[in-house]
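Engineer: sequence unknown, structure follows:
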């Protein structure tokens, strides 16, 4: 990272991912072209992995099967700082390998994490929804080998500083 003063540790990156409303997954498709798409991931820092779910077919899975190297980018917060031409933000980048989760117990654990994170109030219907859609749901795991957090906090000047007599 060029701006080392903005670089943050891996724990910051994991926390930022958990605060992000979505993340963008970058891949390379079978023709070698860049492809990226917003996803709704969930971090599992205890295991050092990230999960997301998708349909069992489509461009995303085709690209992941062609080249499992991925880059996931998440913005936890962002706000323009007026009169500073700067942006306050927190961001995280995870590079690593993606793989389809085939082991049943891990698939269920990943779906439990995803559903609890995105719809905690709906968990009373978890078993019903899983019974209906689980077989058709693909769970993908990203195992990051490079994790970077980045933060920019702009110190705003006192708006009354120039008016003191």
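Structural biologist: Happy to help now that I have it. Here the structure is a predicted model, which is why all the values come from computation and not from measurement. Numbers count the residues shown, from 1 in each chain.
Engineer: Contacts only, for the residue most central in space within the chain.
Structural biologist: By Cα atoms, centre = their mean, the mean C-alpha position of the chain lies nearest to residue 23, the distance being 4.0 Å. For residue 23, the contact set (Cβ atoms under 8 Å, 6 or more residues apart in numbering) comprises 17, 38-41, 72-74. Yep, even glycine has a C-beta here, placed from its N, CA and C like the rest.
Engineer: any weak-confidence spans in this structure?
Structural biologist: Within the chain, the stretches with pLDDT under 70 are 1-9, 152-165.
Engineer: Show me where it has its helices.
Structural biologist: Assigned by DSSP state H, the helices in the chain fall at 10-19, 59-66, 104-118, 126-133.
Engineer: Can I get those in CSV including distance to residue 87 and mean neighbour count?
Structural biologist: Output for the helices of the chain, formatted as CSV (distance: least, Cβ to Cβ, whole Å; neighbours: other Cβ atoms under 10 Å):
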stretch, distance to residue 87, mean neighbour count
helix 10-19, 15, 19
helix 59-66, 29, 17
helix 104-118, 26, 16
helix 126-133, 38, 12
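Engineer: Of all these, which one is nearest residue 140?
Structural biologist: Within the helices of the chain, the stretch nearest residue 140 is helix 59-66; the backing value is 6.7 Å (Cβ to Cβ).
Engineer: and the residue nearest to residue 44 when sequence neighbours are not counted, how far is that from residue 54?
Structural biologist: In this structure, residue 44 finds its nearest non-sequential neighbour in residue 113, 6.0 Å apart by Cβ to Cβ, 6 or more residues apart in numbering. For residue 113, the distance to residue 54 equals 15 Å [Cβ to Cβ, to the nearest Å].
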